[in-house]
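>>> Coordinates for the following, if possible.
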Amino acid sequence: MSKDKILTADEVIEQASKYLSEEDTAFIRRAYDFAQDSHKEQYRKSGEPYIIHPVQVASILVELEMDPVTIAGGFLHDVVEDTNVTVEDLENTFNQEVAMLVDGVSKLGKIKYKSKEAQQAENHRKMFVAMAKDIRVILIKLADRLHNMRTLKHLPPEKQRRISNETLEIFAPLAHRLGISTIKWELEDTALRYLNPQQYYRIVHLMKQKRNEREYYISEVMDEIQKQLDEVNIQADFSGRPKHLYSIYRKMVLENKQFNEIYDLLAVRVLVNSIKDCYAVLGIIHTCWKPMPGRFKDYIAMPKPNLYQSLHTTVIGPKGDPLEVQIRTHEMHEIAEYGIAAHWAYKEGKNVDQSTQSFDEGLSWFREILEWQNETHDAEEFMESLKVDLFSDMVYVFTPKGDVIELPSGSVPIDFAYRIHTEVGNQTIGAKVNGKMEPLDYKLKTGDILEIMTSKHSYGPSKDWIKITQTSQAKNKIKQFFKKQRKDENVAKGKELVEKEIRSLDIEPKDVLTSDNLKKVSEKFNFNNEEDMYAAVGYQGITAAQIATRLTEKIRKKQPKTEDLEQTLEGVQNEIKAPSGPSKKKDSGVKVKGVDNLLVRLSRCCNPVPGDEIVGYITKGRGVSVHRADCPNVQTEDVKHRLLPVEWENNSEESKQYSLDIEISGYDRRGLLNEVLQAVNETKTNITAVSGKSDRNKMATINMTIMIHNISHLRKIVDRIKQIPDVYTVRRMLQ
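Numbering: from 1, shown residues only. Modelled structure (predicted):
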């Protein structure tokens, strides 16, 4: 893509007129005029008129030969966010399609969020949901991000790094999933320039050093291939394939290689007219030079999920150096460079639905986004799960019939089962991998042949499956099962958790659980009624803390503000002093800085122990409650005015003990519980309660309450338990 030349609006529209009708050209001209008028007197950080940015975004879309609605969306993509224009104005002036595309890429700037991270997550969530309805939303967003990366030098270094990191995390992988490699590579290379400039310019320098020598060598190889193809009358176009800087950097970092150890710096691309010619060229190249074992990949017979097709082989070239050759048809090359944009119907005069029909299967994961977001009420959680599904490395496994299923790296047979069908997942009782029975937490590898064992008499999925599955689709289906099967149980459990969370904020549940308040909060989180809201808390679709925070919002706002803290503290000090004799303050092992003889108690929600970072919370009528600094109950803005500094007493005796809950999970085998108990006893730790359970998948969960002296004591216990074979995780529990 042309990144050096800045095009004028007339040049962009003229370029578009080469494949658009006069009527469509007039339509995008009208969109430009509207954008120019809306952005007048606005300027970019570089000092240039703001309209330059929408024009360059539209020029990128024209290079992809997109339809007129998308190009108009490119011109108009910032008017709702940065001017007084509304989505309704766009719908009235242009049409509903244009309004929807612009709304999809607009940020949620007028809504207040607790943090920048939460706002950014909500912006991305909105974009992905809009993208699931119309893929053109992300094409505009990718063009927008590409031009922003090209002009990143005008921003402060901190913003450059943040935007570059976000580009590598979200937008470059997304361009890859859509098959638009021409945008993907530029995004990655530009991001590397700002995230690691030292390595970026070092690689640039190393590549320049022997460029002439490499170009001569590639030319020599292409002449030899051309000579061989002329003898069998195969027409072909040749080019040297430039190796992108970011891919070189990744190989150097991930594979710990030196620059001169990277094989595919030398590469030739051969474009032919038919698939038959692709394989004929492959045979000729393997006849001329010896192929390197394990370096041949046939993406024609087995295309990538983004529909990329090509033959890749690495041979020992004329001078003994490894040489990579890519062979594909001209049509395959267009798809490899422009992905879904190469399939856009406008070029063939068809409607959008027809042109993208061939992509429906490959991009089915987009359609699932709407389903995921309906079940996930937290935007940050939604984005984290989305990154796992869409942007992680992938594994490719086979069904017994030979169909290829693509899954995120780290997936287990349950993920595979739910990818096949919901009922297959719900009725899964076991899995055969390459003909051998394997546990359901077996990590799948590329090339595995997987057969799922099912039973109509299965009791359904286990809740532990949520922890071991990797894909959002599987987790969502499992949660849906429990939501339907155990709604009454989940409602009761959810209500109990919410009431407990409200009490931890020193508020009586009856004061906030009014019908009006419950209705308002359930609507806020997009639930149909309060019963659905409680059920969601019960099956862990949303946390009790989120609901309790909303329910108690009004009451907490009326509580004393920061300026009243001293009076509040004085009142607590006067009204609730520790009793004479052995003080409770001493028993807790915690003292309030600058205050003496005050009732202090350790919070049961997070069970702090010496060594934890702690904070005090001024309660109503019960002194100071001590929480871990990372406890969710003291993280909200509304409680911060009631927090005060506390610290562990230096003379806290080793004999003082604190109750703590831990959970151990692992493979259920004979003697596991005995070994865990023995390991804890070896650390001279008292156990006050223990319980355990095992599911049908041989996953064991052991819950234990132990008495410890401090955080170092806890680490010693955890390290000892982790040494036991078949123990997967040991974690500290919150009540």
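
>>> how many neighbours does residue 69 have?
If you count neighbours by other CB atoms under 10 Å, residue 69 ends up with 22. C-beta: built from backbone N, CA, C; applies to glycine.

>>> leaving aside the residues next to it on the chain, what's closest to it?
Spatial nearest neighbour of residue 69, excluding adjacent residues (CB to CB, 6 or more residues apart in numbering): residue 97 at 4.8 Å.

>>> Now name the helix or strand holding that neighbour.
helix 96-105 (DSSP states H and E).

>>> ok, now how distant is residue 506 from residue 500?
13 Å (CB to CB, to the nearest Å).

>>> which ones are touching the closest residue to residue 471 other than its chain neighbours?
Once flanking residues are discounted, residue 471 sits nearest to residue 415: 4.6 Å by CB to CB, 6+ apart. Residue 415 makes contact with 407, 408, 444, 469, 470, 471, 473, 474, according to CB atoms under 8 Å, 6 or more residues apart in numbering.

>>> Confirm that residue 415 sits in a helix.
Yes: Residue 415 forms part of a helix when assessed by DSSP: H, G, I helix; E, B strand; the rest coil.

>>> Kindly provide the distance from it to residue 305.
Where residue 305 is concerned, residue 415 sits at a distance of 15 Å (CB to CB).

>>> lowest average confidence, helix or strand, in this protein?
Taking mean pLDDT, DSSP states H and E as the measure, the chain has helix 352-355 as its least confident helix or strand, at a mean of 40.

>>> Now do the strands in the stretch 51-200 of the chain.
Ranges of strands within the stretch 51-200 of the chain: none, based on DSSP state E, counting those that start in this stretch.

>>> Can you list the residue ranges for helices in it?
For the stretch 51-200 of the chain, the helices defined by DSSP state H, counting those that start in this stretch cover 52-63, 68-76, 79-82, 87-93, 96-105, 116-133, 136-150, 157-166, 172-177, 181-195, 197-209.

>>> what's the most buried one of those helices?
Counting by mean count of other CB atoms under 10 Å, helix 68-76 has the highest mean neighbour count of the helices of the stretch 51-200 of the chain, with a mean of 29.

>>> Residue 659 and residue 688 touch, don't they?
Yes: in terms of CB atoms under 8 Å, residue 659 counts as a neighbour of residue 688; the distance is 6.8 Å.

>>> Which residue lies closest in space to residue 668, excluding its sequence neighbours?
Leaving out its chain neighbours, the residue that sits closest to residue 668 by CB to CB, 6+ apart is residue 700, at 3.7 Å.

>>> same check, this time on residue 534
Leaving aside its chain neighbours, residue 534 sits nearest to residue 494 (3.6 Å; criterion: CB to CB, 6+ apart).

>>> Over to residue 395?
That would be residue 446: by CB to CB, 6+ apart, it lies 4.7 Å from residue 395.

>>> Ok, residue 183 next?
residue 175 (4.6 Å).

>>> Who has more neighbours out of residue 506 and residue 500?
Remark: of residue 506 and residue 500, residue 506 carries more neighbours, 19 against 15, as counted by other CB under 10 Å.

>>> Which parts of the stretch 301-450 of the chain are strands?
Going by DSSP E, counting those that start in this stretch, the stretch 301-450 of the chain shows strands at 311-316, 322-329, 394-398, 404-408, 428-433, 436-438, 450-454.

>>> Would you tell me which one of the ones you listed is buried the most?
It is strand 322-329: most buried of those by mean count of other CB under 10 Å, with a mean of 22.

>>> before we move on, back to that, next, format the helices of the stretch 51-200 of the chain as TSV and append distance to residue 340.
Putting those into TSV (distance: least, CB to CB, whole Å) gives the following:
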stretch	distance to residue 340
helix 52-63	13
helix 68-76	12
helix 79-82	25
helix 87-93	24
helix 96-105	15
helix 116-133	11
helix 136-150	8
helix 157-166	22
helix 172-177	10
helix 181-195	11
helix 197-209	29
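
>>> I appreciate the help and will end here.
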